[in-house]
Every structure is written in structure tokens, then in C-alpha cells.
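Quick one, fold the following:
(chains A, B, C and D)
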Protein chains: 2
Amino acid sequence: MKKARYHHGNLRHSLIKAARDMIREGGMEAVSLRKLAVRVGVSRTAAYHYFKDKNILLCTLAEEGFHIWQEEADRIFLDEKMSHEDRYKAYIRWYMTYALENAEYYDLMFGRAIWKQNTATANLKTIAYDVFQKQVEVTRQWQKYGVLPVGEDSLRLAQVTWGTLHGLARLLIDGIYSDDSPIDEICACAANLLMDK
Amino acid sequence: MKKARYHHGNLRHSLIKAARDMIREGGMEAVSLRKLAVRVGVSRTAAYHYFKDKNILLCTLAEEGFHIWQEEADRIFLDEKMSHEDRYKAYIRWYMTYALENAEYYDLMFGRAIWKQNTATANLKTIAYDVFQKQVEVTRQWQKYGVLPVGEDSLRLAQVTWGTLHGLARLLIDGIYSDDSPIDEICACAANLLMDK
DNA sequence: CAATGCAATTTGACAGTGTCAAGATTGATG
DNA sequence: CATCAATCTTGACACTGTCAAATTGCATTG
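Now for the predicted structure:
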């Protein structure tokens, strides 16, 4: 189907697509610019015209991930058919399953590789910040509607809530919990602890 | 001080020590067998006589980390001078500060690098399992003494508790939270949520 | 229409990395 | 003293990311 022309035509897009697949298959650390080039049918350094770095490529992918993330999360946050309490539970449930089903992507988005050495793109920082900001906002709502305890500062509460979900997701994803851990039970237990009693 | 003899004498020990330093300086991913060799003053492949893999070396170091971890944790678990509630709070506080102060080591011990592809040594698996097992046991105690809610299954409760601490630690270590996050407040908020009310 | 410019792509090269196989050195043992 | 096995080194290979310089080809001028 594809001709081996000199000008690929939509290399940038092809690279992103291939990288996406590569991440899903073998995780972020399995992404190699050279293998990527082979897969797309182009020479080793062709990608450097569209991405200054390997890091920039990864940030672009992560950015993409955050946009999808935000869409899906909003779908729950704004679902008027559910009570606030049910939305909260659904959010927890969604967070865990989404993280597990897109484990490698989750690792890319929330992993240390990008954030640790402060190598994140400005765009990436922005969208990630927005995602968390929304979390804080929704936390405030849940407090208002009696789902979450009112006594706590909203920011702290959002931080700890997120910490819990993030931690559980990581422990499951990274294989530190045994594989057969019952996610439903864990989610339920987490909800019980976090919600106002 | 050190002669450049052919037989180093205690190479294994020197390698571990150097690797330890290297981790503290630049993190796990900065550990390179070749740099390690230079630092110890030995040739590139000398380490292979003591560690079959780079992975085995890392597992050895992680193992070491877990032993220290367990000692320090026990010091709190068994401190009779504190009430059970205070022990719980102290444990949370210790967990976070220890994780932050030994961030790179924490990443090695609890990071995906070792656990994800199931590359952990049998010894490492054992000690890690023991550490978690102790967590479950102590959780049961805390339930018994009214610090943690009795309604929850001890195993689930321990999982979620650990998830929370792990998640917060990771978010802080990986630089996803802003650096100036008030750890004390976060710990307090986490304690409030997790403890029985 | 040819020439020129410019963007897209390739080739070559360098410094890293982990790891295997085969050789060199040495302290200890018979 | 000779031998041996443990210890360490050298050489080599296949990877990685990335820079600089050449090449290719499309499009827009003169």
C-alpha cells in the first residue's frame, strides 16, 4: 500500500501513531527512535525533524493521553443521571480500570520519566495542571453535596484522594500487588474510607 | 590508599557501596555498570563475577533497602511509649519523610523497574512480601485498638492504606505535586481520612 | 521553463549502554 | 615448585540517542 517515496507525506502523524502502538505493546521504555523509524519505514534520524528529542515525542504522546483522560473523566463528572455519591464511586471505579487497561499510557502520563527531571513540555504541564485543577474543583463540589468530608481543605483532600487512587493504580500496574487482587473490593474499600461517614 | 592490584580483594562489597552512592546521587537509571567499574577502579565486566545481571545487582540493593525499611518501621510499630493512635500517625509521618529523603532508593524498591517484568529475585520477593505482611498484621492491630475502622477487611484496609501512602510518596517524589507541598498537612489529612471516626 | 531555494530525508559518525566469550593474572593448594 | 581455580581484563557485538553534513525532491520564483 505504502510507496517507498522520499517524502513520506505525513511522517509526524505516522510516528505518533506508531509510537502509540509501541507504548501499548511494550511500555514507554520499549519505545526506541530507531525501531520507530524501521516500523514507519524511514531512516533513523528522520524523526528529529518533527521532534527535537525523544523526550519531546513522549511529552506529545502524554499530552494526547491527558486530553482523552479529561474527556472521559468529564463524562462521569457531568453525568446528571447519577447522584453525586454514585458519581464519586463511578469515578473511583473508572480511574482504576482505565489506569489498568491503559497501564503503559498511565505510566507515561503519571510516571517519573517525564516529571522527575522537570523535562515536561509547557503544553504538557498545562494540560496536566488543568486535569488536577478539575479534580480539586470537583472535590469541592463533592464536599458541598456531602459526599466528601467538609472539615478538610479542598486542596488537601483532592491531593490525598488522588494520592490514594494513584497509589493503588501504581501498585496494581507495577505488579506489586498480586495480579488477582479484586479491584472491585479495593475500590469499595477506598470509597468507604474516603467518603464522609 | 588503594593499590591497583589485580585482585581487588572485596570487589563485591565495593561494588555495592559504589552503587549505593550512585543511586543516591542520580537515581537508579543513572547506575551504569561501566561507570561503576570506573569508580571502583576495575574493568568494565568485572562485576559480572558477582552479579549475573545488572538486574541482580539492583535487586540486591533493593533487598538491602527493605531490610533497613523493616527495621525502621518496627521501631515505630513496637514503640510502647506511644499510644496506638500516635503510632499510626507517626508511621504515616515516617513513611512520607523516609520516602522523600531516600527518594531514589524508594523508587528502586517500589518502582516498576524491578517488579513490572517480574524480574525480582526470590530473596527480594520474600523480604518485600514480609514487609507487606507486617503491614497487614499491624493494620489488624490498629483495627483491634480502634484506630482503624473495624468494618473493613484487614487485607483490603492494608492495601488501601498502603496505596494512599505509596501514591502520595510517588506524587511527591516524582515531582508531580509542586515541591512546596506541605507534607505535614498532607499527612494530617490522610490520617484523618483513614482513621476511624 | 529552468533555476533556485527550502523543507524533508538520509548517511556517517560518536559516545554511550549491557553482555558474552576468550584470554591474562594471581593467590592458594597439592 | 607446579598446578588449579578464582578473579579480573580485553575484545567484540548489538543496541541506544543524537549531532553534522550530505542528499533528495517539491514548489515557487525569475
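
what about A:Tyr129, how many residues close to it?
For A:Tyr129, the tally of surrounding residues (other Cβ atoms under 10 Å in any protein chain shown) stands at 12. C-beta: built from backbone N, CA, C; applies to glycine.

Give the buried residues for the helix or strand harbouring it.
For A:Tyr129, the host element (DSSP states H and E) is helix A:122-144. For helix A:122-144, a neighbour-count test (16 or more other Cβ atoms under 10 Å in any protein chain shown) marks A:Leu124, A:Ile127, A:Ala128, A:Val131, A:Phe132, A:Gln135, A:Val136, A:Val138, A:Thr139, A:Trp142, A:Gln143 as buried.

Identify all contacting residues around that helix.
Residues outside helix A:122-144 that contact it (Cβ atoms under 8 Å, 6 or more residues apart in numbering or on different chains) are A:59, A:62-63, A:66-67, A:69-70, A:73-74, A:77, A:84, A:88, A:109, A:114, A:120, A:148-150, A:152, A:154-155, A:157-158, A:161-162, B:176.

give me that answer again for 7 Å
A:59, A:62-63, A:66-67, A:69-70, A:77, A:84, A:88, A:148, A:150, A:154-155, A:157-158, A:161-162 (Cβ atoms under 7 Å, 6 or more residues apart in numbering or on different chains).

touching DNA strand D at all, stretch A:101-109?
No. Against DNA strand D, stretch A:101-109 shows no contacts by Cβ under 7 Å from any atom of the strand, the least distance being 14.0 Å.

need the contact list for the residue in chain A positioned nearest to chain B.
Relative to chain B, the nearest point of chain A is A:Gly167 (2.4 Å; Cβ to the nearest Cβ). By Cβ under 7 Å, 6+ apart, the contact list for A:Gly167 reads B:Gly163, B:Thr164, B:Leu165, B:His166, B:Gly167, B:Leu168, B:Arg170.

Which helix or which strand is home to the third one?
Secondary structure assignment for B:Leu165, by DSSP H and E: helix B:154-173.

quick one, that helix and helix B:122-144 angle?
110 degrees (axes from the mean of the first three to the mean of the last three Cα atoms, to 10 degrees).

Can you give me the end-to-end span of stretch A:36-50?
For stretch A:36-50, the first-to-last residue distance is 13 Å (Cα to Cα, to the nearest Å).

What of stretch A:74-83?
Using Cα to Cα, one end of stretch A:74-83 lies 15 Å from the other.

Return, as residue ranges, the portions of chain A with sub-threshold pLDDT.
A:1-4, A:6, A:197 (pLDDT under 70).

Contact distance from DNA strand C - what residues of it qualify?
A:6-9, A:11, A:37, A:42-46, A:48-49.

Can you spell out the domain ranges of chain A, please?
As recorded under automatic domain parsing, the domains making up chain A are A:1-51, A:61-194.

ranking these by burial, who's on top?
Neighbour counts (mean count of other Cβ atoms under 10 Å in any protein chain shown) averaged over each of these peak at domain A:61-194, with a mean of 18.

ok now that one, how far from the chain's centre?
Put simply, domain A:61-194 sits 9 Å off its chain's centre (Cα atoms, centre = their mean, to the nearest Å).

which stretches of chain A form strands?
Remark: no strands are assigned in chain A by DSSP state E.

what does chain A put close to chain B?
For chain A, the contact set with chain B under Cβ under 7 Å from any Cβ of the partner chain comprises A:107, A:110, A:112, A:115-116, A:118, A:152, A:156-157, A:159-160, A:163-168, A:170-171, A:174-177, A:185-186, A:189-190, A:192-194, A:197.

Just give the nearest non-adjacent residue to the residue of chain A closest to chain B, would you?
Distances taken as Cβ to Cβ, 6 or more residues apart in numbering or on different chains put B:Gly167 closest to A:Gly167, at 2.4 Å, once the chain neighbours are dropped.

any idea which residue sits dead centre in chain A?
A:Tyr106 (4.1 Å; Cα atoms, centre = their mean).

so what's that residue up against?
Shown in contact with A:Tyr106 (Cβ under 7 Å, 6+ apart): A:Ala99, A:Ala169, A:Ile173.

Check these against DNA strand C and report the nearest one.
Taking Cβ to the nearest atom of the strand as the measure, A:Ile173 is the one of the contacts of A:Tyr106 closest to DNA strand C, at 23.3 Å.

so how far is B:Arg170 from the closest one?
Distance of A:Ile173 to B:Arg170, computed by Cβ to Cβ, to the nearest Å: 11 Å.

all helices for chain A, in order.
Using DSSP state H, the helices of chain A run over residues A:11-26, A:33-40, A:54-77, A:84-101, A:103-110, A:112-115, A:122-144, A:154-173, A:183-194.

can you state the direction angle for the third one and helix A:11-26?
Read that as helix A:54-77. Using the same axes, to 10 degrees: helix A:54-77 against helix A:11-26 is 70 degrees.

packing partners for helix A:54-77?
helix A:11-26, helix A:84-101, helix A:103-110, helix A:112-115, helix A:122-144 (3 or more Cβ pairs under 7 Å, 6 or more residues apart in numbering or on different chains; DSSP states H and E).

Over to the shortest one?
The contact analysis (3+ Cβ pairs under 7 Å, 6+ apart) places helix A:112-115 against helix A:54-77.

tilt between the helix it packs on and helix A:84-101?
Here the directions of helix A:54-77 and helix A:84-101 differ by 150 degrees (the same axes, to 10 degrees).

Just confirm yes or no for helix A:54-77 near DNA strand D.
Yes. Under the criterion of Cβ under 7 Å from any atom of the strand, DNA strand D is reached by helix A:54-77 at A:Lys54, A:Asn55.

got the angle for that helix vs helix A:103-110?
Using the same axes, to 10 degrees, the inter-axis angle of helix A:54-77 relative to helix A:103-110 is 100 degrees.

Any chance you could list what contacts helix A:54-77?
When contacts are defined by Cβ under 7 Å, 6+ apart, helix A:54-77 is touched by residues A:16, A:19-20, A:23, A:28, A:33, A:47, A:51, A:87, A:90-91, A:94, A:98, A:105, A:108-109, A:114, A:119-121, A:123-124, A:127-128, A:131, A:138.
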